[in-house]
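Asks: Predicted coordinates and the sequence they were generated for:
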Amino acid sequence: MGDPRVVGIMPVVAPVGNLVPQINEMWQAYGNWSFALKDYTDERLMGWLNDPEFTQMLNLIDPLTYKTEIAKIPKYQIGACGDEFFMPDALKYYWDDLPGQKLPNHSQCRTQSCGTCE
């Protein structure tokens, strides 16, 4: 993160901060996994969510693991309302713990692909 060419970051695809509570909430809200997770459920990966080995993997990809480094970089978070992979309020699981300058933006897209944006 010490690269002077990096002036900001903008995660677009997945809000993976504090992922397990987000995914567990999806199960509780929908009573099942989203259809968008079919590839993961077909491989039975969702059963690993609360496993210590999954936690070890998350320590590599969760941005909250790198608080010191990302505190120095401005962040612009784009969330798609109607995202098939994550709940609309996913920010509540990590936004307050994300240090440094940050700005959220929720698009009016109906899908993560934004192919049906108005």
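Replies: Thanks, I have it.
Asks: Are we agreed that residue 79 is in a helix?
Replies: No: Residue 79: not assigned to a helix; according to DSSP: H, G, I helix; E, B strand; the rest coil it is strand.
Asks: Quick check: pLDDT value at it.
Replies: Looking at residue 79, its pLDDT is 71.
Asks: Tally up the residues packed near residue 52, please.
Replies: Neighbour count of residue 52, defined by other Cβ atoms under 10 Å: 7. Placement of C-beta: from N, CA and C, glycine included.
Asks: Repeat that for residue 105.
Replies: Around residue 105 sit 10 other residues, with neighbours defined as other Cβ under 10 Å.
Asks: Who are the contact partners of it?
Replies: Counting by Cβ atoms under 8 Å, 6 or more residues apart in numbering, residue 105 makes contact with 76-79.
Asks: ok, residue 67 touching residue 99?
Replies: Yes: counting by Cβ atoms under 8 Å, residue 67 touches residue 99, with 5.2 Å between them.
Asks: Give me the more crowded residue out of those two.
Replies: residue 99 (16 against 12).
Asks: Where does that one sit, in terms of helix or strand?
Replies: Here residue 99 is covered by no helix or strand, with elements defined by DSSP states H and E.
Asks: Tell me the spacing between it and residue 71.
Replies: Distance of residue 99 to residue 71, given as Cβ to Cβ, to the nearest Å: 4 Å.
Asks: Identify the contacts common to these two.
Replies: Here residue 99 and residue 71 have no joint contacts, going by Cβ under 8 Å, 6+ apart.
Asks: for the protein, which helix is longest?
Replies: Using DSSP state H, we find that the single longest helix of the chain is helix 19-30.
Asks: same for it, what does it pack against?
Replies: Judged by 3 or more Cβ pairs under 8 Å, 6 or more residues apart in numbering; DSSP states H and E, the packing partners of helix 19-30 are helix 52-61.
Asks: Thanks a lot, catch you later.
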